[in-house]
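**Q** give me a 3D structure for the following:
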Amino acid sequence: MPMQNDSGGGFEQSHAYRKGNLSYIKTIIVLAAGGWWEALAGRPAAGQTGVTLQIALQVWHALDPIRFPSLELDDYTIVNAVEDVHYKRKTGRTEGTQAEIRTERNLHRLRRILADYEYIAALGVSARTAVESAGFEASYAGCHPSMQALNRMYTSTEETAAARRVERVAQWARDVMA
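**A** The predicted structure is shown next:
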């Protein structure tokens with residue numbers, strides 16, 4: 001769980017929260033929940049979701065360099081809709097429940113974090129639910145950036161798997177900004 005630190009009332013990095021490297025960036029990315037990679041790394045978006053977001057930033061920066069001024073994912077603050085880690089072997093699911101998202105403790109945590117940002121990118125149903133339940137409105141919204149979801153939603157004519165991934169992520173990234 002993000003713990004309040006003693007210097008300025010912020011939160012410490014955890015699998016559910018990571019403060020971006022550039023404090024002037026006023027866009028926050030909200031995801032569903034940390035998984036196995038996030039638990040291992042102790043930070044959100046540590047696995048394939050992070051790779052997808054890094055690719056998406058190329059598109060977002062090109063479309064809106066004011067709200068997405070950096071091409072580096074680590075420059076953006078990322079928070080998960082729930083504090084707990086979820087993955088199939090641990091909890092039997094990959095996201096928190098609606099009840100977990102809507103606990104007053106969780107909503108209080110989200111309100112304190114989201115209050116510092118002008119723009120919110122809510123990625124996935126759980127992320128959107130968390131943002132709305134905390135009393136905020138997403139500036140950008142889209143499905144969760146898992147390649148499993150993007151492979152189902154978007155087609156690609158590229159020859160290599162890597163090129164197909166980039167093309168699908170770019171299509172999704174444009175839809176998020178629409």
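
**Q** which residues sit against stretch 159-167?
**A** Under the criterion C-beta atoms under 8 Å, 6 or more residues apart in numbering, residues 55, 147, 154, 156-158 lie in contact with stretch 159-167. Glycine gets a C-beta too; all of them are placed from N, C-alpha and C.

**Q** right, I mislabeled it, should have said stretch 108-117
**A** So stretch 108-117 is contacted by 1-2, 11, 17, 26-28, 30, 77, 79, 81, 83, 120, 130-131, 133-136 (C-beta under 8 Å, 6+ apart).

**Q** and these, which of them are buried?
**A** 2, 11, 17, 27-28, 30, 77, 79, 81, 83, 120, 130-131, 133-134, 136 (16 or more other C-beta atoms under 10 Å).

**Q** of all those residues, which two lie farthest apart?
**A** 27 and 83 (21.5 Å; C-beta to C-beta).

**Q** in the helix or strand hosting residue 167, what counts as buried?
**A** If you go by DSSP states H and E, residue 167 is part of helix 161-177. By neighbour count on 16+ other C-beta under 10 Å, the buried set for helix 161-177 is 164-173, 176-177.

**Q** export it as CSV, just CAs?
**A** What follows is helix 161-177, C-alpha atoms only, in CSV (Å, rounded to 0.1, in the frame of the first residue of the first chain):
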residue,chain,number,x,y,z
ALA,A,161,5.2,-9.6,-34.3
ALA,A,162,7.0,-6.5,-33.0
ALA,A,163,5.7,-4.4,-35.8
ARG,A,164,2.2,-5.7,-35.3
ARG,A,165,2.4,-4.8,-31.6
VAL,A,166,3.5,-1.3,-32.4
GLU,A,167,0.7,-0.8,-34.9
ARG,A,168,-2.0,-2.1,-32.6
VAL,A,169,-0.7,0.0,-29.7
ALA,A,170,-0.7,3.1,-31.9
GLN,A,171,-4.3,2.4,-33.0
TRP,A,172,-5.3,2.0,-29.3
ALA,A,173,-3.4,5.1,-28.3
ARG,A,174,-5.2,7.2,-30.9
ASP,A,175,-8.5,5.9,-29.7
VAL,A,176,-7.6,6.8,-26.1
MET,A,177,-7.0,10.4,-27.2
